[in-house]
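sequence-free structure coming up:
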């Protein structure tokens, strides 16, 4: 695995304290903090934007646990926008990914840390590194791998790691019912939102997951179950 050179981004002490003070006293709208950070990126204030992304990644959940998903999706995608035009931001993304990966590999990790690494790899377009990490955990730290399995499953399917998936999926029909239930839940959500674009997205996701499951089932020489 390529390990990029580490660059320590030092947040100016005064700016860091101001940010912490602001969001310890008023944390009701960290989503606005995130969207404002994106605006700062687009305004060309790259160093300030990076400092804000670092603060959000490190501290947002201390104030609003409901931002767990946003921290691993929207926040990282906005950070990647900055990284595409500001190399220090890319260096810091990779440094965080590599540091957290190393913690997992030497036995100091958790499923939350694995979620962080998977999200960072996805953002950086390095999902193969998530597959490598999960396989390492499977052979070196089986208990942790079992905890991380639900998080890693879709990445392993997308990578078509069918033989390896067979370690966890013994009955593909059970997996199909999980996919089906997710799809029904998503459609129920869409009805409330009345968003036709979301319907198309969830339809495509359902088809893709089913096709991968059929391919997996054929790969383990179970044609009859694939037909079902």
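Cool, the structure landed. Because the structure is a prediction, the values reported are computed rather than measured.

now name the helix or strand holding the closest residue in space to residue 210 that isn't next to it in sequence.
Among residues not flanking residue 210 along the chain, residue 179 sits closest, at 6.3 Å (C-beta to C-beta, 6 or more residues apart in numbering). C-beta: built from backbone N, CA, C; applies to glycine. Using DSSP states H and E, residue 179 maps to helix 172-193.

for that helix, buried residues please.
172, 175, 176, 179, 183, 186, 190 (16 or more other C-beta atoms under 10 Å).

likewise stretch 70-85?
70, 71, 72, 75, 76, 78, 79, 80, 82, 83.

quick check: residue 131 vs residue 183, distance?
Distance, residue 131 to residue 183, by C-beta to C-beta, to the nearest Å: 25 Å.

closest one of the buried residues of helix 172-193 to residue 110?
Closest approach between the buried residues of helix 172-193 and residue 110, by C-beta to C-beta: residue 175, at 25.2 Å.

from what I see, the closest one and residue 168 are in contact.
No - checked against C-beta atoms under 8 Å, the pair residue 175 and residue 168 is beyond contact range at 9.4 Å.

name the SS class of residue 108, please.
coil (DSSP: H, G, I helix; E, B strand; the rest coil).

that one - how many residues pack around it?
Using other C-beta atoms under 10 Å, residue 108 has 10 neighbouring residues.

mind checking pLDDT for it?
As predicted, residue 108 sits at a pLDDT of 91.

same question, the one 10 residues further on
Looking at residue 118, its pLDDT is 97.

likewise the one 10 residues further on?
Looking at residue 128, its pLDDT is 97.

contact partners for the closest residue to it other than its chain neighbours?
Excluding the flanking residues, the one nearest residue 128 by C-beta to C-beta, 6+ apart is residue 159, at 6.9 Å. Residue 159 makes contacts with 127, 128, 131, as judged by C-beta atoms under 8 Å, 6 or more residues apart in numbering.

kindly report the same for residue 60.
30, 67, 70, 71, 75.

nearest to residue 111, out of the residues you listed: which one, please.
Proximity of the contacts of residue 60 to residue 111 was ranked by C-beta to C-beta; the top entry is residue 71 with 15.2 Å.

gap between the residue nearest in space to the middle of the chain and residue 129?
For the chain, the residue sitting closest to the mean C-alpha position, by C-alpha atoms, centre = their mean, is residue 119 at 2.3 Å. Residue 119 sits 12 Å away from residue 129, going by C-beta to C-beta.

also residue 59?
26 Å.

those two: which has the busier surroundings?
residue 129 (21 against 16).

and the residue lying closest to that one once chain neighbours are set aside, how far from residue 131?
Distance criterion C-beta to C-beta, 6+ apart; nearest residue to residue 129, sequence neighbours excluded, is residue 121 at 4.9 Å. According to C-beta to C-beta, residue 121 and residue 131 sit 9 Å apart.

in this structure, what helix or strand scores lowest on average pLDDT?
Sorted by mean pLDDT, DSSP states H and E, the helices and strands of the chain end with helix 13-25, the least confident at a mean of 36.
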